Structures are given as C-alpha cells and as structure tokens.
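**Q** Got a sequence here, can you model it:
(2 chains)
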Amino acid sequence: MSRRQAVIVGAYNTPQARVLPGETSDSVTLAAIKGALGNAGLTVADVDGLNVLSGLNYRGGADAFGYALGIPWFWTGGFVPSPGAVVEAAAAIERGVCDTVVLASGQAGVYTDRASVAPWARTPNEFIECWGLMTPAEWSLSAQQYMHRFSVAPEKIAYISSVIRNNGARNPEAIYYGRGPYTVEDVLSSRLIASPYRLLDCATVSEGGSAVVMTTAERAADLDVPAVKVLGGAYDSWGPTYTHPSTYERVAMWGRKAADAAFGQAGISRDDVDLFELYDNFSWEIVRYFEALRYCEVGEGPDFVANGAIELGGRYPIVTDGGTMSHSHTGESQRLQRVVQAVRQLRGDSAANQVEAEIALVVVIGEVLLLGA
Amino acid sequence: MPASSAPQATPLEVSVPHDAGSSVTRPVPVPTPLSAPFWAACRENRLLVQRCDACGAHIFTPQEFCRACHATSLTWVESAGRGHIVTFTVIGRPQTPAFETPYVVAVVELEEGYEMITNIVGGPAEDVRIGDAVRVRFIPVTDEITLPCFEVVP
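**A** Numbers count the residues shown, from 1 in each chain, chains lettered A, B, ... in the order given. The predicted structure follows:
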C-alpha cells in the first residue's frame, strides 16, 4: 500500500474589514468554510474531518459546526486552527483516520469595547491581568530585552513593520489596502503602545474568516485545482501562555525544535525555502524567527533582514499579504491566513505581491509548516 | 491567545476613577486555594514564595510540585523582596481605561532566584532601565488584595 500524502486543495479568506456590520463569528466562519470548499471544488458532503474555531469558543467548535452542517460522523482536531492544526490534520489524513478535513476560523462582533484592548488580549490570570499586562505588553518584554542585549537601533525593527505594511498597502484584499507606503520614520513616530513597540509595530484588530481544505493526494488528483503538499511540520510549546514571564530566555528559541523536525521530515534544507509566511503579530518576532529557525546566528537577525532581504524580490520575502499588521487580524483566524497566503502563492493566485515560489515556510509562533507546490 | 483559556470566575472589582464610564475597573486577582497564602501575606506586607523541601528551589507562580526535582512538598517562605529588572515595558495604550498611562510592567528576578511579573512604581516611567535594582512596595487596592509592586532602589 502506498503512503497517503496529505495535501491542501482549498484556501480562502472571506472579505476582511475593521468591522463587518451584521456578521457574526458563526456567519463569517461558515462563509469561510463554503469559500474554501468551493475553491477546492468540493462540498460539505465530502468532509469527514473538522477543526473549527468560531469567535472565542475554544472548545467544541468542530463538534458544533459538524452537527450544524449535518455531517454524520467526523474527526475533530484539537488545535486552534493554524499551521499546527494543518500538521495535526495531515497526520490524521495520512494515518487514514479521515479523508477530507476543513480547518476554519472566524470572528465578528466580538471586539466592541474599543476603549480597552481586545478581549482576547486581556487574559484573566491572577498573576497577569492585575498588572495591565495585555498582549502587546507581554510580547514587548522579550523584544525589549533583546534590543537591550544586542544594542539594536529601533530603526532596524521599524524597518520590518514598514516592509510588511507596504506589502499590505499593495494588496486589494488587505483592510489597509492603499494605506502607505510607510517609512521607518512613520513607524517610529507612531504612538507608543508598549515599548519598544509603537502602533505600526503591532497587529491591527479586524473581522473576517479564513479556511483551508485538506485531503489526500489521491483524492486531489480528481480535482481541478493544484494540490499543495504538506512536506513537514511540527510545533513547540514552552509552557502555558500568559502565565509565566515571557522573558527572552524563555521565548527566544520557540519553534527551533519544531523547525528541525519539520525540515527533517521534508528532507530539505533551509536554503530550499522561497517564501516566508511568518506570523507578524509584532515586528521583532520576525527577527526571532530567523534566529530561532537557524537562518542566522542569534544577534544577527536585525542585519539579516535589512536592505531588502525580506522584501518582495529579496531572498527571504515575508508576509506577502500584509499579515496581521495590514491584511487582517481577527483574534484567531489570522493564524490560518498565513497558511491561506502560502497556498495561494504556491498556486500562483495571490491577490497581490505574487512571488516565484516552490516551497513556503509557514510559522506561527512555535508552529512550523513546510508546504510545497 | 491560549488554546486552553477557559472562562474564569468573574474577578472582584475595585472602582478606579476615570473618564470612560463607571463600568471600567482595574482587575483584581482572585486567589485560588493554591495562591491564597501568597495574597494573604501581601495584605500583611510580606512577600512569600514557595521553596522546595527537597532541593531548595524557589517556585513562583504557586505550583503543586517542584519544577526542578518534582518533589511535592513545598513550603511558603518569606522573600527578602529585593531583586533587579530583567526586562520591562512602558505602556502607552492601557489594557483598559482603568489603567493610567504611562505605566511600567516588568519582570523582576528576586535575589532568591525566581521571577515575578509586576509593576514598577514610584518614579518616572522613562527612567526605568533593565538591570535596575528594585525592592518590593506593597500597594493595597481592596480590603482583600494588596499588590506586590516594586520600586527602583536609588
């Protein structure tokens, strides 16, 4: 019996906006599911696996949607829909647990109190929330420590934000389409959020849904769309999120173990990757990824990304849809957006900023996924 | 966001004057059976930490067993409340309007060798530096809860 190969055959973002009037988390999640299945040329009747996160319902989204969609029996993934969830679903498909899986996430109408940071950025932990340590502050701690340790000029980190936002400015599907171009000075003069991060270093907050459809290479051969292969993937944790101090020592190498595993599975080297769809929740994270994933030595990241290396046409193009900073960040479905964008690039149907790419590296924090055209 | 963030009990709330509406209050810790001794001592202006009876490691936040040797016998002991700033952030966009900006959130390493997240208080935010020596300064926020903040040692 030949080995089953998991592939991605559908990838779809619903329209994204700062606010989607009249939509709910369920309505945009359903729209994403329908869109991704339509993109693949499949229907709900083909689906026997689900991983769904609607809004902030972290438990039971797949169960609820599977029932609501009238699917009689189905596998459910346990991960938040993300690159890690693709790895999990690929394992299920390749072991014959299920054949066709939809991963979907969406959010609308959740963030209404704009005087405060978004509800998912305020974790109710007795040793976190009382200090006003919302998400941007949490993530700033390691960046601040790194920049101090390696005497990094703020301009070098602001450059990353400008590159990502300028990718989004060219993307008609980005919520900040046409907003830009941004210079390093624009980033540095935007208002302080949590030092070292300023407004333009941070993810935006918006609404929308995203989904991908996975199946076997055998099933994909009957479809009219190119199948994108899951070459390898893994995920790391260092502990519960928003609980212990996220110092540089704790987070610096987040994803290294996963990347080593993913490249080992794929049988390819770092140099084989053409496209880098990295999670850009905050600008310095891009530096961290290139260091943790062994693209450069620790401390060299700011110079590694400089001078166009991460721009379109550079050797390491990143976040080609504009990412969480410019394309969309809904609270959770932005994790799947990295997969959607990598798939679209590999198929040659990116909405903008198309690059020549055979292999894409998708990274969301500690989750690493290698996709091949 | 955590995949595992189940909804927790509604926090006790303390009213803080602000302009954004009376419903916005600064969140106050809700002690658990595990953390109750820590918060009870804070109310008496004492900073406690768990120490492992087997290997002597100091453990924070409160745990059921030692992270270093996995022994299950931990004893609450008093910390000297002195340490230094490992890293920090000056916040310009508050978590909620209940927080007055700028405020400083920091990771402090105590002399006993464990780390805490806290607020640095008592001086201008722009003067805070990584490596600064700090000491605990207790700030009561409700009858039940006193927060162990830190201030820079001049």
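**Q** For chain B, give me its nearest residue in the stretch 151-300 of chain A.
**A** For the stretch 151-300 of chain A, the residue closest to chain B is residue A:192, as judged by CB to the nearest CB, at 3.3 Å. Every C-beta, even on glycine, is put in place using the N, C-alpha and C of the backbone.
**Q** For that residue, list each beta-bridge partner.
**A** residue A:198 (DSSP bridges).
**Q** Touching, it and residue B:103? I think so.
**A** No - if you go by CB atoms under 8 Å, residue A:192 and residue B:103 don't touch, sitting 11.7 Å apart.
**Q** and the residue of chain B nearest chain A?
**A** Counting by CB to the nearest CB, chain B gets nearest to chain A through residue B:92 (3.3 Å).
**Q** which stretches of chain A form helices?
**A** For chain A, the helices defined by DSSP state H occupy A:25-40, A:61-68, A:83-94, A:135-149, A:154-169, A:184-189, A:217-220, A:248-251, A:256-266, A:284-292, A:301-304, A:323-326, A:334-347.
**Q** Serialize those helices to TSV and add fields for distance to chain B and mean neighbour count.
**A** Compiled in TSV, these are given as follows (distance: least, CB to the nearest CB, whole Å; neighbours: other CB atoms under 10 Å in any protein chain shown):
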stretch	distance to chain B	mean neighbour count
helix A:25-40	14	23
helix A:61-68	11	18
helix A:83-94	9	24
helix A:135-149	4	23
helix A:154-169	13	24
helix A:184-189	13	16
helix A:217-220	29	18
helix A:248-251	7	18
helix A:256-266	16	19
helix A:284-292	12	25
helix A:301-304	17	20
helix A:323-326	13	28
helix A:334-347	10	27
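**Q** Can you lay out those as CSV showing distance to residue A:112 and mean pLDDT?
**A** Putting the helices of chain A into CSV (distance: least, CB to CB, whole Å; pLDDT from 0 to 100) gives the following:
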stretch, distance to residue A:112, mean pLDDT
helix A:25-40, 13, 98
helix A:61-68, 21, 96
helix A:83-94, 27, 98
helix A:135-149, 17, 96
helix A:154-169, 25, 98
helix A:184-189, 28, 98
helix A:217-220, 41, 98
helix A:248-251, 31, 96
helix A:256-266, 35, 98
helix A:284-292, 28, 98
helix A:301-304, 37, 98
helix A:323-326, 20, 98
helix A:334-347, 19, 98
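**Q** Contacts only, for residue A:328.
**A** Taking CB atoms under 8 Å, 6 or more residues apart in numbering or on different chains, we find residue A:328 in contact with A:13, A:16, A:174-175, A:204, A:206-208, A:334, A:337.
**Q** Widest-spaced pair of those?
**A** Using CB to CB, the contacts of residue A:328 reach their maximum pairwise distance at A:13 and A:204, which is 14.8 Å.
**Q** Give me the more crowded residue out of the two.
**A** Each of residue A:13 and residue A:204 has its neighbours counted (other CB atoms under 10 Å in any protein chain shown); residue A:13 has more, 27 against 23.
**Q** What about the residue nearest to that one when sequence neighbours are not counted, how many residues nearby?
**A** Nearest non-adjacent residue to residue A:13, counting by CB to CB, 6 or more residues apart in numbering or on different chains: residue A:210, 4.8 Å away. Here the count is done by other CB under 10 Å, and residue A:210 has 31 residues near it.
**Q** now residue B:141
**A** The number of residues packed near residue B:141 is 16, by other CB under 10 Å.
**Q** That one and residue B:25 touch, don't they?
**A** No - if you go by CB under 8 Å, residue B:141 and residue B:25 don't touch, sitting 10.2 Å apart.
**Q** Phi first, then psi, for residue A:110.
**A** Torsion angles at residue A:110 (phi, psi; degrees, to the nearest 10) stand at phi -90, psi -40.
**Q** Would you mind confirming that it makes contact with residue A:56?
**A** Yes - contact criterion CB under 8 Å: residue A:110 and residue A:56 qualify, at 6.3 Å.
**Q** which neighbours do these two share?
**A** Common contacts of residue A:110 and residue A:56, defined by CB under 8 Å, 6+ apart, comprise A:25, A:119-120, A:331.
**Q** got the residues you listed as CSV, with distance to residue B:133 columns?
**A** Formatted as CSV, these follow (distance: CB to CB, whole Å):
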residue, distance to residue B:133
A:25, 47
A:119, 37
A:120, 36
A:331, 39
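**Q** Where does confidence bottom out across the residues you listed?
**A** Lowest in pLDDT among the shared contacts of residue A:110 and residue A:56 is residue A:120, which has 77.
**Q** list the contacts for it?
**A** If you count contacts by CB under 8 Å, 6+ apart, residue A:120 has them with A:56, A:110, A:135, A:331-332, B:1.
**Q** try residue A:333
**A** By CB under 8 Å, 6+ apart, the contact set of residue A:333 is A:32, A:53, A:81, A:104-107, A:208-210.
**Q** same thing but 6 Å
**A** A:105-106, A:209-210 (CB atoms under 6 Å, 6 or more residues apart in numbering or on different chains).
**Q** got it, and residue A:191?
**A** Residue A:191 neighbours (CB under 6 Å, 6+ apart): residue A:199.
**Q** Verify the stated contact: residue B:53 with residue B:73.
**A** Yes - assessed by CB atoms under 6 Å, residue B:53 is found in contact with residue B:73 at 4.1 Å.
**Q** contacting residues around the closest residue to residue A:281 other than its chain neighbours?
**A** Nearest residue to residue A:281 in three dimensions, chain neighbours excluded: residue A:203, at 4.9 Å (CB to CB, 6+ apart). Contacts for residue A:203 were tallied using CB under 6 Å, 6+ apart; they are A:281, A:324, A:329.
**Q** so how far is chain B from the last one?
**A** Which is residue A:329. Remark: distance between residue A:329 and chain B (CB to the nearest CB, to the nearest Å) = 11 Å.
**Q** and that residue, what does it touch?
**A** Here residue A:329 is in contact with A:203-206 (CB under 6 Å, 6+ apart).
**Q** Which residue, other than its chain neighbours, is closest to the spatially most central residue of chain A?
**A** Computing the C-alpha centroid of chain A and ranking residues by CA atoms, centre = their mean puts residue A:335 first, at 3.1 Å. Nearest residue to residue A:335, sequence neighbours excluded (CB to CB, 6+ apart): residue A:82, at 3.7 Å.
**Q** surely the one you found meets residue A:363?
**A** No - Residue A:82 sits out of contact with residue A:363 when judged by CB under 6 Å, with a separation of 10.4 Å.
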